[in-house]
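**Q** What follows is a predicted structure for the sequence shown.
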Amino acid sequence: MPWMAGLRGKGYPRGPRVENGNRMSTCGCTVPVLTQRDPKKNQLLAALPAAEWKRWELHLELVELPLGKVLYEPGGKLEYVFFPTTAIISLLYVMENGASAEIAVVGREGLLGISLFMGGQSTPSRAVVQSAGEGMQFPAALIQSEFNSSPPVMHLLLSYTQALITQMAQTAVCNRHHSLDQQLCRWLLMSMDRLSGNELVMTQELIANMLGVRREGVTEAALKLQNAGLIRYSRGHINILDRKGLEARTCECYAVVKKEYDRLLPRGLSN
């Protein structure tokens, strides 16, 4: 394939070979073939035109994303972009004293590592798995090449970047002007948009770290939502009982962000 020959000539890695039904990754590890775990659960990968997908699928590798795994550290060199399929990734800004606050969440609607095609090799944020699952990783050199040479890919990635920037900006406004009760509702709704069910596995301590508040505040806010019949919380499991009720209780920030994702992305945040 001419495209593949061009990449190999530039020193880009070859696509994983297949042995005994498994794909051999560039590090020699066996990875299940793509037909066993559907990479098109990620909405950006599902939106790729056929020609682009034919090139990409040879270099996508399945990765397990366990709860708490750190994918990027501030200032670290980015070697891959990640396309979550069933996991949710939290982007955190970390202060010098170790305190942190979430600035965005990324799930099956998007990708992690926009710095690679926006002109940078690193990111000022930390990326941590918020909800365990799986995703696909794609080499940094290839995403840069695709962004620069394929107009459909450039348009798709820039549209996603605009949506992500909207989420970051709205999160900053929400954290400054809205109550913790409203912030928690927004956070729960955004998380559930990126999952296939109505249950989120997350402790109150982790939620507090994401929102940059004290655990006691999250406990109080969660109890209010539970007493109102909107959620059920037990031993790190949060079940959404009344989504409409959460939407009515949250601030306008959730609707602003969701509207922008639905406007810019092929499938928006639809479940």
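**A** Cool, the structure landed.

**Q** Contact partners for residue 124?
**A** Neighbour list for residue 124: 74-75, 93 [criterion: Cβ atoms under 8 Å, 6 or more residues apart in numbering]. (Glycine included, C-beta is placed from N, CA and C.)

**Q** Restricted to buried residues, select these in PyMOL.
**A** Per 16 or more other Cβ atoms under 10 Å, the buried members of the contacts of residue 124 correspond to this PyMOL selection:
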select buried, resi 93
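
**Q** out of the contacts of residue 124, which are inside strands?
**A** Within the contacts of residue 124, residues falling in strands by DSSP state E are residue 93.

**Q** can you list the contacts of residue 124 in TSV and add distance to residue 101 and pLDDT?
**A** TSV is the format used below for the contacts of residue 124 (distance: Cβ to Cβ, whole Å; pLDDT from 0 to 100):
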residue	distance to residue 101	pLDDT
74	13	89
75	18	88
93	6	88
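
**Q** Out of the contacts of residue 124, which is nearest to residue 185?
**A** residue 93 (21.8 Å; Cβ to Cβ).

**Q** surely the closest one meets residue 123?
**A** No. With contact defined as Cβ atoms under 8 Å, residue 93 does not reach residue 123; the gap is 10.4 Å.

**Q** sorry, back to before: could you redo the contacts of residue 124 as a markdown table and give each row distance to residue 178?
**A** Below are the contacts of residue 124 laid out as a markdown table (distance: Cβ to Cβ, whole Å):
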| residue | distance to residue 178 |
| --- | --- |
| 74 | 27 |
| 75 | 31 |
| 93 | 18 |
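
**Q** ok, of the contacts of residue 124, which one's closest to residue 139?
**A** Among these, and counting by Cβ to Cβ, the member closest to residue 139 is residue 75, at 20.3 Å.

**Q** roughly how far apart are that closest one and residue 92?
**A** 14 Å (Cβ to Cβ, to the nearest Å).

**Q** If you count neighbours, what's buried in whatever helix or strand residue 256 lives in?
**A** If you go by DSSP states H and E, residue 256 is part of helix 252-264. Across helix 252-264, burial judged by 16+ other Cβ under 10 Å covers 253-254, 257-258, 260-261, 264.

**Q** check contacts around residue 137.
**A** Contact analysis of residue 137 by Cβ under 8 Å, 6+ apart lists 60-61, 63, 80-83.

**Q** and these, which are buried?
**A** Judged by 16+ other Cβ under 10 Å, buried ones among the contacts of residue 137: 60-61, 63, 80-83.

**Q** can you redo those as TSV with secondary structure and pLDDT?
**A** Formatted as TSV, the buried ones among the contacts of residue 137 follow (DSSP: H, G, I helix; E, B strand; the rest coil; pLDDT from 0 to 100):
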residue	secondary structure	pLDDT
60	coil	96
61	strand	96
63	strand	96
80	strand	95
81	strand	96
82	strand	97
83	strand	97
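
**Q** Spell out which residues are contacts of both of residue 75 and residue 92.
**A** What both residue 75 and residue 92 touch, as defined by Cβ under 8 Å, 6+ apart, is an empty set.

**Q** residue ranges of the strands in the chain, please?
**A** Counting by DSSP E, the strands of the chain are 17-19, 22-24, 30-32, 61-65, 70-72, 80-84, 88-94, 100-106, 126-131, 133-139, 199-201, 231-234, 237-240.

**Q** got CSV for those, with distance to residue 188 too?
**A** Supplementary listing: the strands of the chain in CSV, determined by distance: least, Cβ to Cβ, whole Å:
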stretch, distance to residue 188
strand 17-19, 41
strand 22-24, 36
strand 30-32, 32
strand 61-65, 20
strand 70-72, 23
strand 80-84, 18
strand 88-94, 12
strand 100-106, 11
strand 126-131, 12
strand 133-139, 17
strand 199-201, 7
strand 231-234, 7
strand 237-240, 7
